[in-house]
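Student: coords please:
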Amino acid sequence: TTLTLLAPVATLVSNDKLHPALATLLLQAVTEVHGSGGLFEQPGQFPTPNYLEFPLNPESQRYFESGPPFLQRHIPFWAATLIDRLLVMLLPLIALLLPFMRILPPMYKWRVRSRIYRWYRELLAIHPARAEEAGALGYAEQLHELDRIEDEVIKVSVPLSYADQLYNLRLHIELG
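Tutor: Below is the predicted model of the structure:
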């Protein structure tokens, strides 16, 4: 003879105030504890989206269709949640930083060149506009200023890509 057993279905129910991340975490915990089966159920029969009398939460539906979220499969819940929140904050920040990334290389170039060009201003200030304006005392002062500028320029450091401009400056000081 065939014996039919009737049994109630165990159902997890929550209201709409349950946070979606907690719904996923709760389903992960229930699957871990009860997913291996027991005396009355086969492995994988609980939790299940079948035999429901209440509407299924969209986050729970997503869990049943594709499993836990990608990050929660590989890292702990707290870290996955933190990364999700940071992504929400980082995307607008990246959108704001993109224009600055276009401005940075020209600003860097200008900053390095300004270390060199400021000494050209001083060189121009030493040399008079006309040769007859320079007297014997003027030449001595000019040489003293050139020596001072040369001592200061030796201390200037620039990236290798700008070394040619620095050496041109040193050459102009020597010729001055």
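Student: so what secondary structure elements neighbour the least confident helix or strand in the chain by mean pLDDT?
Tutor: When the helices and strands of the chain are scored by mean pLDDT, DSSP states H and E, helix 136-154 comes last with a mean of 80. With contacts defined as 3 or more CB pairs under 8 Å, 6 or more residues apart in numbering; DSSP states H and E, the packing partners of helix 136-154 are helix 77-126, helix 163-175. For every residue, glycine as well, the C-beta is placed using N, CA and C.
Student: what's the pLDDT at G135?
Tutor: With respect to pLDDT, G135 scores 55.
Student: let the chain start at 6 from now.
Tutor: That works, and once the first residue is 6, the last one we named lands at G140.
Student: picking up where we left off before, which of the helices and strands packed on helix 141-159 sits most buried?
Tutor: helix 168-180 (a mean of 13; mean count of other CB atoms under 10 Å).
Student: that one packs against which elements?
Tutor: Against helix 168-180 (3+ CB pairs under 8 Å, 6+ apart) you get helix 82-131, helix 141-159.
Student: can I get those helices in a markdown table with distance to F75?
Tutor: Conversion of these to a markdown table gives the following (distance: least, CB to CB, whole Å):
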| stretch | distance to F75 |
| --- | --- |
| helix 82-131 | 8 |
| helix 141-159 | 57 |
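Student: for E58, find the nearest of the helices and strands packed on helix 141-159.
Tutor: Nearest of the helices and strands packed on helix 141-159 to E58, taken as CB to CB: helix 82-131 at 29.1 Å.
Student: please compute how far that closest one lies from its chain's middle.
Tutor: Distance, stretch centre to chain centre, for helix 82-131: 13 Å (CA atoms, centre = their mean, to the nearest Å).
Student: can you spell out which helices and strands pack onto that helix?
Tutor: helix 25-39, helix 75-79, helix 141-159, helix 168-180.
Student: out of those, which one sits most buried?
Tutor: With a mean of 15, the top stretch among those by mean neighbour count (mean count of other CB under 10 Å) is helix 25-39.
Student: name the nearest residue to Q66, sequence neighbours excluded.
Tutor: P54 (6.9 Å; CB to CB, 6 or more residues apart in numbering).
Student: is I88 in contact with P74, as I believe?
Tutor: No: look at I88 against P74 with CB atoms under 8 Å: they stay out of range, at 10.3 Å.
Student: all set, thanks.
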